[in-house]
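Colleague: got a structure for you, letters missing:
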């Protein structure tokens, strides 16, 4: 076996790349550590697998009918985690990416904040590296790529910046967003947000008209009013300055034209206004 952690991680990924269920199994093994026993890390597997199973169930990881974009971003997440695990087991060599260092920090100190920092740094890096693939997706899918991103960033903020995430309700943020508990899966599974199958090939307005009530309240009543600050905070927290290029005036712009920002306009219903006021971002 190679002494290079990066080469070992790439070989592990190559072996499962065309097998969605094996991707899930590989990700699950990384939380057992290099020696098969990592009790402090194992509870974090719950949120990671929730996100991965949702992807596999939707079909985006299928090698023939899936999404090149989703597969590329998923590759990045798996490879970074495998490399960090290999390093913790004694393999060496040059670090393939700064995001691996985020995972190593989590391995050394498995806290909720460190898990989100590692997980989201890999996700954001995948987004930034795969913009050309995103542009090739149909319009509804490109819209949902932005929804996925703002959701994972917001869930991190629940734990690491609860006043930004929930304002007056900040006291519940860490419990709701803790990846070791069931609440985080509500945000990371995304079953309430995106269509069940890939691709999202209906007209975008049809999806907006039939959006889940909970998802609409969360995305437009809670997250949207703090979106610009959320991206800027996340860019600093994840050491990913390029993230700031994916939002403009509080409107997501990843593979999405700023001219079409009307889709992000918040509803003006009484319940949305009340929710925005109740959770207004703190200083």
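Modeller: That came through fine. Just so we're clear, the structure is a prediction, and the values are computed from it rather than from any experiment.
Colleague: burial measure for residue 260, as a count.
Modeller: Residues lying near residue 260 (other Cβ atoms under 10 Å) number 14. (C-beta placed from N, C-alpha, C; glycine too.)
Colleague: could you verify that it is part of a strand?
Modeller: No: under DSSP: H, G, I helix; E, B strand; the rest coil, residue 260 falls outside any strand and is assigned helix.
Colleague: look up which helix or strand the residue nearest to the spatial centre of the chain falls in, please.
Modeller: Centroid-nearest residue in the chain: residue 152, 4.0 Å away (criterion: Cα atoms, centre = their mean). Assigned by DSSP states H and E, residue 152 falls within helix 139-160.
Colleague: that helix: what's the following helix or strand?
Modeller: Note on helix 139-160: by DSSP H and E, the next helix or strand toward the C-terminus is helix 162-166.
Colleague: name the next helix or strand downstream of that next one, please.
Modeller: Using DSSP H and E, the next helix or strand after helix 162-166 towards the C-terminus is helix 173-177.
Colleague: what lies in contact with that following helix?
Modeller: 112, 116, 155-159, 162, 165-166, 181, 183-184, 187 (Cβ atoms under 8 Å, 6 or more residues apart in numbering).
Colleague: any chance of JSON lines for those residues, columns neighbour count and distance to residue 268?
Modeller: Converted to JSON lines, the contacts of helix 173-177 look like this (neighbours: other Cβ atoms under 10 Å; distance: Cβ to Cβ, whole Å):
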{"residue": "112", "neighbour count": "22", "distance to residue 268": "35"}
{"residue": "116", "neighbour count": "29", "distance to residue 268": "32"}
{"residue": "155", "neighbour count": "27", "distance to residue 268": "26"}
{"residue": "156", "neighbour count": "29", "distance to residue 268": "29"}
{"residue": "157", "neighbour count": "25", "distance to residue 268": "25"}
{"residue": "158", "neighbour count": "24", "distance to residue 268": "26"}
{"residue": "159", "neighbour count": "22", "distance to residue 268": "30"}
{"residue": "162", "neighbour count": "20", "distance to residue 268": "27"}
{"residue": "165", "neighbour count": "29", "distance to residue 268": "23"}
{"residue": "166", "neighbour count": "24", "distance to residue 268": "22"}
{"residue": "181", "neighbour count": "15", "distance to residue 268": "34"}
{"residue": "183", "neighbour count": "17", "distance to residue 268": "28"}
{"residue": "184", "neighbour count": "26", "distance to residue 268": "30"}
{"residue": "187", "neighbour count": "24", "distance to residue 268": "25"}
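Colleague: quick one, strands of the stretch 51-200 of the chain?
Modeller: With strands called from DSSP state E, counting those that start in this stretch, the stretch 51-200 of the chain shows none.
Colleague: against residue 20, how distant is residue 64?
Modeller: Distance, residue 64 to residue 20, by Cβ to Cβ, to the nearest Å: 11 Å.
Colleague: equivalent analysis for residue 245, please.
Modeller: Taken as Cβ to Cβ, the span from residue 245 to residue 20 is 31 Å.
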